[in-house]
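Novice: I'd like to go over a predicted model; first the sequence, then the structure.
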Amino acid sequence: MSSTAVLQAQKDEYDILREWMKAREFIYVGREVKRIDALEKVLGKSKYVEDHLVEGLTYARIVKSSIPHGIIQSIKPGRAVDHPDFIALVTSEDVPGLNQVGYYIPDQPALAERKVRFYGEPVALIVASKTRSAEELRELVEVEIKPLEAVFDPFEALKDRVLVHEEHGSNIVLRTRVRKGDAAKALQESDYVVENVYRAGHQDHAYLETEGALAIPMDGGMTLILPCQYPHLAQSIISRVLGVPQSKIRIIQPVVGGGFGGKDDMIPIVGAQAAIAAYKVRRPVLLTYTREDSFTSHCKRDPAYIRYRSGANKDGRLTVVDVDIIFDAGAYANRGPFTLWRATAHSTGPYEVPNVDARGTLVYTNKIYQGSFRGFGNPQIQFAAERQMDELAEKIGLDPVEFRLKNILRPGSRTSTNQLLEDSVGVGEALARVAEKCDWREKRRNYGKIVDGKARGIGVACAWHGISTSRGVPDWCNAYINVGKDGGVVIYTGIVEIGQGSHTGLIQIAAEVLGIPPEKINLVGGTSDAPDTGATHGSRGLSFGGTAILIAASKIRKSVQRVASRILECSPEDIEMKDGWVYSRSKPEKKITWEEAVKRCYAEGEEMTATGYFFMPKGRFDEEKGQGFAYIVFSYMVVAAEVEVDVETGLTRVLKVWPAICAGKIINPKLATTQINGAIMQGIGYTLMEEVKIEDGRILNPNFTDYLVPTIADLPEIEEPIFVEDYFKFGPFGAKGLAEMALIPIPAAIANAIKNAVGVGPLEIPYTSEKLFENLSRRGRR
Amino acid sequence: MIPKVEYYRFKALDDALRFLRQYPGSKILAGGTDLVVQLRSGKTAARKLVDISGIDELRYIRDEDGYIRIGALTTIEELKNSETVRDHAQLLWKAANNFAVWQIRNIATIGGNICNASPAADTVPPLIVLNARLRLQNVDRQREIKVEEFFKGPGETVMEKDEILTEIVIPKKDSGWRYSFIKLGKRHSHILSIVNVAVGLKTYKDMIEDVIVALGSVAPTPVRARSVEDYLKNHRITRTRLEEASQQVVKDIKPISDIRASAEYRIEMSKILVRRALNECLKNVFTT
Ligand SMILES: Cc1cc2nc3c(=O)[nH]c(=O)nc-3n(C[C@H](O)[C@H](O)[C@H](O)COP(=O)(O)OP(=O)(O)OC[C@H]3O[C@@H](n4cnc5c(N)ncnc54)[C@H](O)[C@@H]3O)c2cc1C
């Protein structure tokens, strides 16, 4: 069905969205409403997965491979069986259904079968009556694996000498391509061309709470307390593994200690593992990953190698982007096909580029696999793209901001995939305002001098980010609202609270539409009992989740208006709902309370439940031509970063960051700001210090002593964000996605600032003090 | 995983010493911030723990007869908050201020920092510069040993299996000494040192009368940089002299490459930190 047809079929819903988009005065939306979960969290009362104690609970730990590539000979419990707390050893043979948890390509077992493909891969589960014993017993399990030659370097893997998945026939998982114009010709004809190779390393999510799942066999099926990011995905994967219908699998969301994408991928897998064990022992099983397990065995941000060529003409207009992207998938394809596609489609940065050729290759290696992580393939490519913009600007002799503004996407622009951007493109304004706010010209003039062994620099970077899923991948949202007889409202949404605050924002949306205070609304989120709303990823939770709630709440509102108009003797259009009152706009003294109105709805046959299904009208991407529809909308981010480099030690301190975001209507500025601040910190870690060190496939630093994340002492001053509210027509009140955004341009902004400070332009992240030191001394020697 | 251990806790020093004599295979537990990590990672084979953290007689900071006496169980946070330490063992106080985070400082002891014998221990280069002595005790006797002579290698000391470090003795120096402590890590706080440097320096007119330089994390034990000291002692203070003196440090150190830094980086940083520390000591002296 074409996107126009999709819209026509949903005319009523679209009308609702359009109507509310016109609103400019709000009571709850746009306000700093306090988080609904704040008090419980501060008091330590929130219940995380481990806090759910059920009768007969048993405890499980993963047993891991200590060989990066090999054939499993045998897995035996060994002396573990003699221990009084031993309950079971669970292996792939115990999987009742399909031992398959691959996300897109069916290449990944829940528990290794026949082969292991990375060091740390779960080969079995040990179940014991105490956590401690499980921990102890797993060391007694006898795992015999015949080593095979392994391949760790993606370039080596490309030669296909050693195959990670021999049934696949090649280590190349897949290739991606975006094409526009004639890149080869443009490279020949451009006045300036710059070429560089960029690299980005792994990043660990480092969430406070590691992976865990509680599986409880009950009601002829399985109920799981699961800190996932998409309950319905977990439900389908677990149903596949257990070989029971999805309807028998119930997912309940506990409070989650951080997700960042990692739990989107991992928790369905960890849930499947727990479910297999629970199925075998016929008792509830709590499977938790220790911090070390989490480091060794959960997916990471994809390492990337990017050869980037871009050109411009003397007038400062970009002519071409030609880029090769290699993503190291690790042992399993997981989300790699999608992170890579995203990187490929976003390779130009948020600019108009007439000629594009972007080629991506996803390669298997015998290492920990990649997965979803805030930015989803995009931080790597925006790092390259935005470093490249500075290098080109320098070559042309233009100021980096000026150069960007000449080429920036605007309403009416066409993207790298030739998608027309009709509206909702605020990035030009964001860039101009950031430059002004940070005193760009003045600082660029004055910085770059060494004073007392230290040099300051300022850099800027922009980013664009397609919201939700790409191309024609079906995308929808839904929610269910039930108004009780007493006027209390319960919302059911599949959107998950992972610490980002979406549930508070979603309640604000419902409160606004129903004209009642947020306290009257309860939200049940992240459960498979709610309608399938898609995942809480791709910055879509508050936006897409909110669209569904806005539609459902509007349907309720219409019912109330109909009944109230009869009571108050005016037209339904004249009925306003605010602050818990339902009244006539023309004669405000004619009013009844919300509760009274609801009671009358029940009495007069008005339905007090509603769903808010909306199917996103998407287009088609032609993989052959490398052109077409990429994303339903893009959010944009601009940051300027100021750094101070100790030129002798290479230690870089980020002093100040100026963020600006184009995420449409901001539903709750406080939530938005905390997401931006958190993403900036995570970006600083990614850029300057977070480094997964791997030797022969083994992670050498599976701990926080040597995997360094920034601390509060590394926190820069972060300016209040500039919000450019470039409304999105399918978002609630025009809201787009936000949560990933601020991380994406941070690596390039910091790197560009380092270049401004000391003249050395980082080509790789993490750019540790030692690397900067090396580059500085190499330059000194020349 | 933390293995199963036998755990004994003592309130009196004598009882602990007797126990150690009887069971020489046991391991002393003070704050546990090093030991528990090592138990977990399997880096220690000890399965009998002697918790001495309740022995209050080993927790004090005293200023008497020209010495600062610090009980081995004094926590890093207590050092940080002590005016005595600030005024009379300034280097140690600086190290305490650059040490871990509040939660760790509250339980980590100075005795543990020393006895753990990590080349990176932050209190040790300051104690070397301050000419500190360590008082070791077993059931029969006490002995004192210079800090410098205490270490044999990473995790190895001259301490006998039945001994406890009871006290750190720091002779008070005259007020002419100036001090500097610099620590370099990979982020701005809460970090183990890639290199740390302590310098004590005394001038006479425009001459360097005396100087002591010690570094951590650049050799199997914390080391004294005697080449740097010799290069400076009884010489006029000039920028060139300081610069050249800092270069001498390569003769005193023997760093390795590990997960935190390469040997090359450590060598270069040692030179730079020594120069910076010397400069800091001479901040107000410098005119040329
Ligand atoms: C998060 C974190 C951050 C850290 N940051 C730093 C830092 O910034 N700088 C730094 O230098 N260190 C740091 N450390 C290491 C550690 O905290 C210190 O070395 C601390 O001082 C050790 O003291 P403790 O009392 O905890 O020793 P314990 O762990 O109890 O003992 C350490 C060793 O010393 C022995 N021992 C202890 N007391 C005595 C005694 N009185 N007599 C004989 N033997 C004894 C023990 O048997 C053991 O071998 C850090 C550790 C952690 C976990």
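Specialist: Thanks, I have it.
Novice: phi, psi of the closest residue to the ligand within the stretch 101-250 of chain B?
Specialist: Taking CB to the nearest ligand atom, the ligand has its nearest neighbour within the stretch 101-250 of chain B at residue B:112, 2.1 Å off. To be clear about C-beta, it is placed using only N, CA and C from the backbone, and glycine gets the same treatment. With angles defined as degrees, to the nearest 10, residue B:112 sits at phi -70, psi -40.
Novice: residue contacts, it?
Specialist: Counting by CB atoms under 8 Å, 6 or more residues apart in numbering or on different chains, residue B:112 touches B:30-35.
Novice: kindly recompute the last result at 10 Å.
Specialist: Residues in contact with residue B:112 (CB atoms under 10 Å, 6 or more residues apart in numbering or on different chains) are B:28-35, B:52-53, B:72-73, B:75-76, B:121, B:123, B:165.
Novice: check residue A:662 too.
Specialist: A:350, A:424-431, A:464, A:634-638, A:722-726, A:728, A:736, A:738, A:741.
Novice: go again with 7 Å.
Specialist: A:426-427, A:430, A:635-636, A:724, A:726 (CB atoms under 7 Å, 6 or more residues apart in numbering or on different chains).
Novice: and the ligand, which of the residues you listed contact it?
Specialist: Of the residues in the contacts of residue A:662, proximity to the ligand by CB under 6 Å from any ligand atom holds for none.
Novice: and the helices in the stretch 301-450 of chain A?
Specialist: A:336-345, A:378-396, A:400-407, A:427-437, A:440-446 (DSSP state H, counting those that start in this stretch).
Novice: sorry, back to before: for the residue of the stretch 101-250 of chain B closest to the ligand, give its distance to chain A.
Specialist: Going from residue B:112 to chain A by CB to the nearest CB, to the nearest Å gives 16 Å.
Novice: hang on, the earlier thing: let me have the helices of the stretch 301-450 of chain A in TSV, extended by mean neighbour count.
Specialist: Output for the helices of the stretch 301-450 of chain A, formatted as TSV (neighbours: other CB atoms under 10 Å in any protein chain shown):
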stretch	mean neighbour count
helix A:336-345	26
helix A:378-396	25
helix A:400-407	20
helix A:427-437	21
helix A:440-446	14
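Novice: and chain B, which of those is closest to it?
Specialist: helix A:378-396 (19.8 Å; CB to the nearest CB).
Novice: got the angle for the closest one vs helix A:400-407?
Specialist: 100 degrees (axes from the mean of the first three to the mean of the last three CA atoms, to 10 degrees).
Novice: not counting its own residues, what contacts helix A:378-396?
Specialist: A:192, A:194, A:196, A:198, A:200, A:302, A:304, A:306, A:308, A:310, A:312, A:316, A:325, A:342-343, A:346-349, A:399-400, A:403-404, A:461-463, A:465, A:686, A:743-745, A:747-748, A:751-752, A:755, A:761, A:765.
Novice: so which of these are in strands?
Specialist: A:192, A:194, A:196, A:198, A:200, A:304, A:306, A:308, A:310, A:312, A:325, A:461-463, A:465, A:765 (DSSP state E).
Novice: kindly report the residues of chain A close to chain B.
Specialist: A:135-136, A:648-649, A:653, A:689, A:693, A:700-701, A:705-706, A:708, A:710-711, A:713-714, A:768-770, A:773 (CB under 7 Å from any CB of the partner chain).
Novice: among those residues, name the buried ones.
Specialist: A:135-136, A:648-649, A:653, A:689, A:701, A:708, A:710, A:714, A:768-770, A:773 (16 or more other CB atoms under 10 Å in any protein chain shown).
Novice: picking up where we left off before, check the contacts of residue B:112 one by one and keep those near chain A.
Specialist: Among those, chain A is touched by none when using CB under 7 Å from any CB.
Novice: so which of those are in strands?
Specialist: Reading strands off those with DSSP E, I get B:28-29, B:165.
Novice: need the contact list for the closest residue to residue A:591 other than its chain neighbours.
Specialist: Once flanking residues are discounted, residue A:591 sits nearest to residue A:583: 3.5 Å by CB to CB, 6 or more residues apart in numbering or on different chains. If you count contacts by CB under 7 Å, 6+ apart, residue A:583 has them with A:576, A:590-591.
Novice: check for me that residue A:583 belongs to a strand.
Specialist: Yes - Residue A:583: assigned to a strand according to DSSP: H, G, I helix; E, B strand; the rest coil.
Novice: so how far is residue A:664 from it?
Specialist: Residue A:583 sits 30 Å away from residue A:664, going by CB to CB, to the nearest Å.
Novice: how about the contacts made by residue B:210?
Specialist: B:202, B:233.
Novice: buried residues in the helix or strand where it lies?
Specialist: For residue B:210, the host element (DSSP states H and E) is strand B:207-216. Within strand B:207-216, the residues scored as buried using 16+ other CB under 10 Å are B:208, B:210-216.
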